[in-house]
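I'll drop the sequence and a predicted model, then ask my questions.
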Amino acid sequence: MRTNKKMPGLLLCGLPLLLVGACSDSGAGDATAKSKSHEVCTDKVVTRQKPVKDENRVLGTVAGAVVGGVVGHEVGGKGTSQDVATGVGAVAGGYAGNRVQKSVQDNATEQTTERVCETVYD
């Protein structure tokens, strides 16, 4: 019977290679399962409506009523018609002043810069 003298040498040299291969195979799944994450932050300009200080719009209503009353008084003529024109002018001016102030309040905005951060996964 013929014996192969190279067989024990091949086994001894091949065994470390098999072990290295087994180690790298078991770790391969773990490396891909773990993903790295990092935080990305940016500055974003945000536009918001300004807070309303006079919710009932008293200032606009009063200012409009005064202006309307003065104009009605001037165009009303003499006597009773002047009094009626003053009253109608004051009511119409008050309503107009209220609507103007509402429009100004609805369109009043302010811009601020806010830092917005999010987590990104690689």
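Thanks, I have it.

could you pull out the strands for the protein?
With DSSP state E as the criterion, the chain has strands at 37-49, 109-121.

can you list these in CSV and add mean pLDDT?
Output for the strands of the chain, formatted as CSV (pLDDT from 0 to 100):
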stretch, mean pLDDT
strand 37-49, 94
strand 109-121, 95
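
From T42, how far out is D122?
Going from D122 to T42 by CB to CB, to the nearest Å gives 18 Å. Quick note: C-beta positions are derived from backbone N, CA and C, even for glycine.

Comparing these two, which residue is more hemmed in?
When neighbours are counted by other CB atoms under 10 Å, D122 and T42 differ, and T42 comes out ahead with 9 against 6.

picking up where we left off before, which among the strands of the chain is found nearest to A92?
Nearest of those to A92, taken as CB to CB: strand 37-49 at 28.4 Å.

which residues are in contact with the closest one?
106, 108-122 (CB atoms under 8 Å, 6 or more residues apart in numbering).

now that strand, how far from the chain's geometric center?
Computed by CA atoms, centre = their mean, to the nearest Å, the chain-centroid distance of strand 37-49 equals 8 Å.

What pairs with it, parallel or antiparallel?
Paired neighbours of strand 37-49 in the sheet (DSSP bridges): strand 109-121 (antiparallel).

chain center to stretch 37-51: distance?
Worked out by CA atoms, centre = their mean, stretch 37-51 lies 6 Å from the chain centre.
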